[in-house]
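Undergrad: how would this look folded up:
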Amino acid sequence: MNADPIAIRLVYLARLREAFGIASERVELSPGVASVGELRALLARRGGAWAAELAPGRAVRIAVNHELADDGAALRAGDEVALFPPVTGG
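TA: Residues are numbered from 1 along each chain as shown. Sure thing, here's the model as predicted:
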């Protein structure tokens, strides 16, 4: 595992953009944060709206480079990670 931090771009859509008050940000991930699940836990530790919206069991979809990803999906330098609520309706 590489010990250097990796930089990714986070994009927040719909309800999450409103709750967090930002549409996107660049984040450097420290060693030990290498998967989608670890990223979600890291963001939830920011507290407040982050903890509420990203709590375990809360419906949030995550895509890495425009592909839906599960918690085990690996993150790499330069990835774009989008967080958004599931889409419902018809």
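Undergrad: Now for the closest residue to A73 other than its chain neighbours, how many residues are close by?
TA: Setting aside the residues directly before and after it, A73 is nearest to V36 in space (Cβ to Cβ, 6 or more residues apart in numbering), at 4.5 Å. No exception for glycine: its C-beta is placed from N, CA and C like everyone else's. Other residues near V36 number 20, with proximity taken as other Cβ atoms under 10 Å.
Undergrad: so who does V36 touch?
TA: Applying Cβ atoms under 8 Å, 6 or more residues apart in numbering, one finds that V36 lies in contact with 62, 64, 69-73, 75, 81.
Undergrad: let's go with 10 Å and repeat that
TA: By Cβ atoms under 10 Å, 6 or more residues apart in numbering, the contact set of V36 is 62-64, 69-75, 79, 81, 83.
Undergrad: Any stretches of the protein with poor pLDDT?
TA: 1-3, 88-90 (pLDDT under 70).
Undergrad: that older thread, which members of the contacts of V36 occur in strands, if any?
TA: When DSSP state E defines the strands, the subset of the contacts of V36 inside them is 62-64, 81, 83.
Undergrad: Report the two of those residues separated the most.
TA: Taking Cβ to Cβ, the two most distant members of the ones in strands among the contacts of V36 are V64 and L83; they sit 10.6 Å apart.
Undergrad: the strands in the chain, which residues?
TA: Using DSSP E, the strands of the chain run over 6-12, 24-29, 61-64, 67-68, 80-84.
Undergrad: Out of these, which gets nearest to R40?
TA: Closest approach to R40 among the strands of the chain is made by strand 61-64 (7.0 Å; Cβ to Cβ).
Undergrad: tell me which residues of that closest one are tucked away?
TA: By neighbour count, and taking 16 or more other Cβ atoms under 10 Å as the criterion, the buried residues in strand 61-64 are 62-64.
Undergrad: ok, now stretch 26-34?
TA: For stretch 26-34, burial by neighbour count (16+ other Cβ under 10 Å) applies to 27, 29, 33-34.
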